[in-house]
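Visitor: could you look at this predicted model? Sequence included:
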Amino acid sequence: MSKHGRVLVAMSGGIDSTVAAVMLHEEGYEVIGITMKTWDYANSGGSKKETGCCSLDSINDARSVAVRTGFHHFIVDIREEFGDYVIDNFVEEYLAGRTPNPCVLCNTHIKWSSLLHRADSLDCEFIATGHYAKIKEENGRSFISRGTDLNKDQSYVLWGLSQECMQRTRFPLGSYTKPEIRKMCFDWGYSDLSKKAESYEICFVPDNDYRGFLKRRVPSLEREVAGGNFVDKRGKVLGKHQGYPFYTVGQRKGLGMAFGQPMFVTEIIPETNTVVLGEIDDLIRNTMQVYRINAQKYDRFPDGLEARTMIRYNDPGVMASISNTADERLEVNFLANVKGVAPGQSAVFYEGDDVVGGGIIYNNGAFLN
């Protein structure tokens, strides 16, 4: 009988999930490791060698840790459910002129769902991952809070987790810094793993070329969208672009033209295959709307709540006043100018270190001004 119960630990083969699993084992949990194969690199068509969480080397690294430490380990193929949901959404969002965040979608709808399903079948009370975040409980609700290592904090990508998910989740690394985790890994005898490089790429775009991925995924796309117009904010045509899905709001480099001054993508209009360009100040926004809301700290967002609002990962955030709308969106009024609000990205709201909740930034036009 274990001291704390049985826990299913998601193991990618990297340092963080390895330390999370061994740490819980040392604390007296009955650990079962699981490695989820989400993507087949052979299908990506990219030029980069297979690396990261789905590679054979990473799977073998996870299994060897389990064998050495003395707990069970399973490999689960979730490529079909991952591809149908995450990858199809990734493509659809770019075709809608938005900039998706597939890691948020994967955490919310695929990884946690798959983990809980397997946890139930293995009689595991808890699931655990190597995320740098914490879970707190107040007034009968569970919510995410920032990890101690603010340089590694991953609370931003966890805003979509449900109450059930958080109540059964453990984040062993939340109170540690990355250097402490590396030292712990080294001290346990995993010297090679302690030096393992981290990947910041989207797992199914191993060469980090999302434009190439879109072209391979939709072979007719490049032909269908080529030749649209770059225009300025007054509608004046500035030149031709390669196709609206291949640009994102805030982009400056890679426009393929010289304009005599730095120009940025300020808006994407898929209906007319138009990409609007402007100067840096044209990226400034004072308001936005957010939909697909998930409230964590409260059962709903309090009207008039002032919260620090992050509009992208590693964004320092800006204070904003938040109100509910009749159509179940949030109206966000920034208390300082914000640049580069990109529809499709996540907006996450914080009280101190606590995640109040989050949602998806609504589309261009009337809802961004």
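Guide: Yep, that arrived. No experiment lies behind these values; they were computed from the predicted model shown.

Visitor: use CA for all of it now, contacts and neighbours both
Guide: Noted.

Visitor: care to break the protein down by domain?
Guide: 6-130+172-194, 220-278 (automatic domain parsing).

Visitor: and the longest one, how far apart are its ends?
Guide: Right, the one you point to is domain 6-130+172-194. Using C-alpha to C-alpha, to the nearest Å, one end of domain 6-130+172-194 lies 26 Å from the other.

Visitor: give me the mean pLDDT for that domain.
Guide: For domain 6-130+172-194, mean pLDDT rounds to 88.

Visitor: likewise the shortest one?
Guide: Along domain 220-278, the predicted confidence averages to a pLDDT of 94.

Visitor: could you tell me the end-to-end distance of that domain?
Guide: Domain 220-278 has an end-to-end distance of 29 Å (criterion: C-alpha to C-alpha).

Visitor: residue 33 belongs to a strand?
Guide: Yes - Residue 33 forms part of a strand when assessed by DSSP: H, G, I helix; E, B strand; the rest coil.

Visitor: number of nearby residues for it?
Guide: When neighbours are defined as other C-alpha atoms under 10 Å, residue 33 has 25 of them.

Visitor: ok, for residue 107, nearest residue in space, not its chain neighbours?
Guide: residue 158 (6.9 Å; C-alpha to C-alpha, 6 or more residues apart in numbering).

Visitor: ok, that neighbour touching residue 108?
Guide: Yes - here residue 158 reaches residue 108: they are 7.3 Å apart, a contact under C-alpha atoms under 8 Å.

Visitor: between the two, which is the more surrounded one?
Guide: When neighbours are counted by other C-alpha under 10 Å, residue 158 and residue 108 differ, and residue 158 comes out ahead with 24 against 18.

Visitor: next one: the more buried one from residue 250, what distance?
Guide: Relative to residue 250, residue 158 is positioned 24 Å away (C-alpha to C-alpha).

Visitor: cool, and residue 198?
Guide: Residue 198 sits 26 Å away from residue 250, going by C-alpha to C-alpha.

Visitor: next one: residue 84
Guide: Residue 84 is 29 Å from residue 250, by C-alpha to C-alpha.

Visitor: who has more neighbours, the two?
Guide: Counted by other C-alpha under 10 Å, residue 84 and residue 250 do not tie: residue 250 has more neighbours, with 20 against 10.

Visitor: for the more buried one, what is the enclosing helix or strand?
Guide: Under the criterion DSSP states H and E, no helix or strand holds residue 250.

Visitor: switch to numbering from 45
Guide: Okay, using 45 as the starting number, the last item reads as residue 294.

Visitor: how about the helices of the stretch 195-344 of the chain, start to end?
Guide: Ranges of helices in the stretch 195-344 of the chain, per DSSP state H, counting those that start in this stretch, are 207-211, 222-231, 235-238, 254-261, 265-269.

Visitor: out of those helices, which gets nearest to residue 185?
Guide: Checking the helices of the stretch 195-344 of the chain against residue 185 by C-alpha to C-alpha gives helix 207-211 as the closest, at 7.1 Å.
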